[in-house]
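1. everything below, folded, please.
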Amino acid sequence: MLPLCLLLAYIFNKISAQEHFSDFFRISLCCFISHLFLDYITSFGTMLFAPFSYQRFSLDWVFIIDLTLTGILLSCLLLAYLFKNRATLICQTALVLGLVYISVCAVNHRRALNLAKEFAAKEKLSYSRIAALPQPLSSMRWANLILTEDKIYRGLLDFSKDEIVHGDPVIPLAESSPLKTKFSFQHMRQQLDFQYSPPAQLIYKTKNRFISSVWVDKALKTSGAEFFLWFARFPIVKSVYEDRGHYIVELFDLRFQTTNDRFPFLYTIEFDKTGKIIRQGFAAE
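-> Okay, here's the model as predicted:
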């Protein structure tokens with residue numbers, strides 16, 4: 001990071017008509033640090049020590065694309081451009097608002113994670129990974145995920161809800177199916193409003209991690225699956241099915257499931273009937 005900051009400072013200093021190397025260096029350094037921080041607080045995470053280590057780190061405080069935080073930052077840029085004489089005050093205010101919002105998310109994350117740990121302790125679960133993951137469109141919605149040897153427990157909660165008004169608030173995890181439903185924000189909002197429950201009535205659903213199948217066994221031995229399992233935090237075999245004589249295995253990370261009919265970062269491995277790999281990679285949404 002520091003060599004890049006020095007290089008950028010040198011380039012911008014050469015372009016500039018005046019000597020501002022130290023200023024350009026500080027600006028570059030702040031940009032890199034803020035970029036890493038904003039990646040670090042999401043559930044997607046970032047490789048903080050690349051290229052020396054490719055381990056991913058994440059705080060799980062805010063959703064990958066958080067509209068509230070993005071709105072604060074974009075509004076800051078627009079207002080600072082329109083009212084240049086007050087740009088400093090506008091930027092300072094936006095920074096404070098952004099940090100306050102991130103702090104609220106951090107507090108809610110801790111509350112959700114404590115609920116997950118309480119459930120695991122109550123059920124005497126032996127788990128290898130546990131997380132509370134932020135959900136879209138609200139800092140109050142969280143998905144608690146608990147990874148055991150053969151299952152994943154998933155509970156969806158909404159701190160803004162006091163009671164259930166539409167029956168069972170949790171839609172069962174989507175069954176294995178190659179079919180996809182056309183995405184719309186209205187449909188997504190309806191599912192989000194319905195499937196999250198109040199903390200006092202939190203329900204955990206279970207999902208088997210791996211389907212028993214010769215094609216699944218073969219898929220998990222491929223280099224593509226090895227890469228996916230490095231990337232995924234809560235991996236499952238979503239489905240295995242036959243299509244026109246080919247056998248398709250779909251791998252999915254439950255970290256990214258927000259509604260029951262969208263599967264972003266779905267990894268597909270397709271074999272012919274002889275077991276030869278026809279294609280593999282992340283499926284296009």
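2. in stretch 262-274, what's buried?
-> R262, F263, F265, L266, Y267, T268, I269, E270, F271 (16 or more other CB atoms under 10 Å). Backbone N, C-alpha and C define where each C-beta goes, glycine included.
3. quick one: that stretch to chain centroid distance?
-> Remark: stretch 262-274 is offset 20 Å from the chain centroid, using CA atoms, centre = their mean, to the nearest Å.
4. keeping just the C-alphas, turn it into PDB.
-> Taking Å, rounded to 0.1, in the frame of the first residue of the first chain, the C-alpha atoms of stretch 262-274 are listed here in PDB:
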ATOM      1  CA  ARG A 262     -31.900 -15.500  -5.800                       C
ATOM      2  CA  PHE A 263     -28.600 -17.200  -5.600                       C
ATOM      3  CA  PRO A 264     -25.700 -14.800  -6.300                       C
ATOM      4  CA  PHE A 265     -22.200 -16.200  -6.600                       C
ATOM      5  CA  LEU A 266     -23.700 -19.600  -7.500                       C
ATOM      6  CA  TYR A 267     -20.900 -21.900  -8.600                       C
ATOM      7  CA  THR A 268     -21.700 -24.500 -11.200                       C
ATOM      8  CA  ILE A 269     -19.800 -27.700 -12.300                       C
ATOM      9  CA  GLU A 270     -21.100 -29.600 -15.300                       C
ATOM     10  CA  PHE A 271     -20.100 -33.100 -16.300                       C
ATOM     11  CA  ASP A 272     -20.900 -35.200 -19.300                       C
ATOM     12  CA  LYS A 273     -22.000 -38.800 -18.700                       C
ATOM     13  CA  THR A 274     -18.400 -40.000 -18.700                       C
END
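5. any chance you could list what contacts that stretch?
-> 174, 180-181, 183, 188, 215, 218-219, 222, 224-225, 228, 231, 238, 245-253, 256-257, 277-283, 285 (CB atoms under 8 Å, 6 or more residues apart in numbering).
6. from these, which ones fall inside helices?
-> Under the assignment DSSP state H, the contacts of stretch 262-274 contribute M188, W215, K218, A219, G224, A225, F228, F231 to helices.
7. my read is that the second one contacts V240, right?
-> Looking back up the chat, that one is W215. Yes - if you go by CB atoms under 8 Å, W215 and V240 touch, sitting 5.4 Å apart.
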